[in-house]
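**Q** Structural data only, the sequence is not supplied:
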């Protein structure tokens with residue numbers, strides 16, 4: 001886990017927590033991937049499929065979707081570039097209902113994330129500019 005976190009250190013937004021006998025990695029609140037049995041499994045999506053079409057795939061558990069197996073020889077810079085490129089493909093966690101929660105509070109929370117993780121704002125602006 002510490003080895004994998006160290007590889008994402010450049011981003012400064014990746015966290016890990018123990019789950020199902022392995023670790024789940026989050027990038028700015030979204031699921032990035034999992035680490036089980038010394039293997040890092042990247043969350044699947046159209047961008048990673050395009051960038052690593054020949055990468056091996058593996059189930060997280062029997063019957064699960066196929067995750068992209070990241071070779072431990074991949075350098076940290078390339079891994080961080082992949083994570084940034086695929087961020088929009090990562091699943092958004094389902095919001096938990098909280099007492100006193102309102103749409104305004106949720107918008108404020110989103111704005112707080114952009115302040116905490118400046119690359120999110122940059123990515124949002126880039127995607128808006130590409131639509132022009």
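**A** Alright, I've got the coordinates. None of the values given here were measured: they were computed from a predicted structure.
**Q** from here on, contacts and neighbour counts on C-alpha atoms
**A** Noted.
**Q** Tell me how many other residues crowd residue 48.
**A** 19 (other CA atoms under 10 Å).
**Q** The residue nearest the centre of the chain: which element?
**A** The centre of the chain sits closest to residue 32, judged by CA atoms, centre = their mean, with a distance of 2.5 Å. Residue 32 belongs to strand 30-36 when assigned by DSSP states H and E.
**Q** average pLDDT across the next helix or strand after that strand?
**A** Sequence order places strand 39-42 as the next helix or strand after strand 30-36, per DSSP H and E. The average pLDDT for strand 39-42 rounds to 82.
**Q** can you check stretch 8-20 too?
**A** According to the model, stretch 8-20 has a mean pLDDT of 76.
**Q** Stretch 81-96 too?
**A** Mean pLDDT, stretch 81-96: 77.
**Q** What lies in contact with that stretch?
**A** 27, 29-32, 43-48, 51 (CA atoms under 8 Å, 6 or more residues apart in numbering).
**Q** how about the helices of this structure, start to end?
**A** 2-7, 46-51, 76-86, 103-116, 118-131 (DSSP state H).
**Q** if I pick residue 44, what's in contact with it?
**A** 66-68, 89-90.
**Q** Now do it against residue 6, distance only.
**A** Distance, residue 44 to residue 6, by CA to CA, to the nearest Å: 22 Å.
**Q** what's the answer for residue 25, then?
**A** Counting by CA to CA - residue 25 and residue 6 are separated by 12 Å.
**Q** Can you pick out the residue with more neighbours from the two?
**A** residue 25 (25 against 13).
**Q** Now do the same contact list for the more buried one.
**A** 14-17, 31-35.
**Q** What's the local residue count around the closest residue to it other than its chain neighbours?
**A** Of all residues not flanking residue 25 in the chain, residue 16 sits nearest, at 4.4 Å (CA to CA, 6 or more residues apart in numbering). Residues near residue 16, counting by other CA under 10 Å, number 20.
**Q** I am finished for the moment; much appreciated.
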